[in-house]
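Enquirer: fold the stuff below for me.
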Amino acid sequence: MKNQSTNTKWQYLEARPNSWRKQLYIKGTRIKASVIYSDMIVNEMTEADALYNWDLSLEAIHEIIEYCQTHQKLLQAEAVEERRRLEAKGVMIEPKIVTG
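Expert: You can find the predicted model right below:
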C-alpha cells in the first residue's frame, strides 16, 4: 500500500491548485474524494456499489476511503468553511420551518 507519511503519493487523487480547498479530487475531474466517501456512507453503499455508481476502479475506491479516513480534520474544517462562505452569500443552509 502507500507510505503513510505526509508525502503520500496518491495514484487516483490530486490537488486542485486554483481552489481554496486543500482536500484532494479524483484525478481529471472536479469531484472531491469526500463526495464519493460521503455518498458511500449516506447511502450505505458497498465498495462494489460505489465503483459501479461512480465508474471507478476498486483500487480508486480503496484510495478514496483511505484518504478520507486519514484526513477527517481537514474535511471537517473545509465543510465548516464552505458553510460559512455560503451563509456569507445569503444561501440558506437549514430548511426554513413554516408554521401555519
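
Enquirer: please make it C-alpha for all contacts and neighbour counts, starting now.
Expert: Fine.

Enquirer: all the strands of this structure, in order from the start?
Expert: Remark: strands assigned in the chain by DSSP state E are 13-14, 25-26.

Enquirer: reformat the ones you listed as JSON lines; add mean neighbour count, mean pLDDT and distance to residue 48.
Expert: Formatted as JSON lines, the strands of the chain follow (neighbours: other CA atoms under 10 Å; pLDDT from 0 to 100; distance: least, CA to CA, whole Å):
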{"stretch": "strand 13-14", "mean neighbour count": "20", "mean pLDDT": "96", "distance to residue 48": "19"}
{"stretch": "strand 25-26", "mean neighbour count": "22", "mean pLDDT": "96", "distance to residue 48": "18"}
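
Enquirer: tell me the centre residue of the protein?
Expert: What sits nearest the mean C-alpha location of the chain, by CA atoms, centre = their mean, is residue 34, with 1.1 Å.

Enquirer: quick check: the gap between it and residue 75.
Expert: Look at residue 34 and residue 75: by CA to CA, to the nearest Å, they are 7 Å apart.

Enquirer: what's the answer for residue 59, then?
Expert: 21 Å.

Enquirer: okay, these two: which has more neighbours?
Expert: Legend: neighbour count by other CA atoms under 10 Å for residue 59 and residue 75, higher for residue 75 (19 against 13).

Enquirer: ok, back up a step: can you pull the contacts of the residue nearest to the centre of the chain?
Expert: Residue 34 makes contact with 64, 68, 75, according to CA atoms under 8 Å, 6 or more residues apart in numbering.

Enquirer: same deal with residue 24?
Expert: Residue 24 touches 13-16, 32-33, counting by CA under 8 Å, 6+ apart.

Enquirer: list the buried ones in stretch 60-74?
Expert: Residues of stretch 60-74 classed as buried by neighbour count (16 or more other CA atoms under 10 Å): 60-61, 63-65, 67-68.

Enquirer: what residues are shared contacts of residue 34 and residue 75?
Expert: Overlap of the contact sets of residue 34 and residue 75 (by CA under 8 Å, 6+ apart) consists of residue 68.

Enquirer: now the lengthiest helix in the chain - C-alpha only, PDB.
Expert: Secondary structure assigned by DSSP state H gives helix 72-88 as the longest helix of the chain. The C-alpha trace of helix 72-88 is given here as PDB (Å, rounded to 0.1, in the frame of the first residue of the first chain):
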ATOM      1  CA  GLN A  72     -11.000  13.800   8.700                       C
ATOM      2  CA  LYS A  73      -9.900  17.000  10.400                       C
ATOM      3  CA  LEU A  74      -9.200  18.700   7.000                       C
ATOM      4  CA  LEU A  75     -12.500  17.500   5.600                       C
ATOM      5  CA  GLN A  76     -14.500  18.700   8.600                       C
ATOM      6  CA  ALA A  77     -12.700  22.100   8.600                       C
ATOM      7  CA  GLU A  78     -13.500  22.600   4.900                       C
ATOM      8  CA  ALA A  79     -17.100  21.700   5.500                       C
ATOM      9  CA  VAL A  80     -17.300  24.400   8.200                       C
ATOM     10  CA  GLU A  81     -15.600  26.900   5.900                       C
ATOM     11  CA  GLU A  82     -17.900  26.000   3.000                       C
ATOM     12  CA  ARG A  83     -20.900  26.600   5.200                       C
ATOM     13  CA  ARG A  84     -19.500  29.900   6.300                       C
ATOM     14  CA  ARG A  85     -19.000  31.000   2.700                       C
ATOM     15  CA  LEU A  86     -22.500  30.000   1.700                       C
ATOM     16  CA  GLU A  87     -24.100  31.800   4.600                       C
ATOM     17  CA  ALA A  88     -22.000  34.900   3.800                       C
END
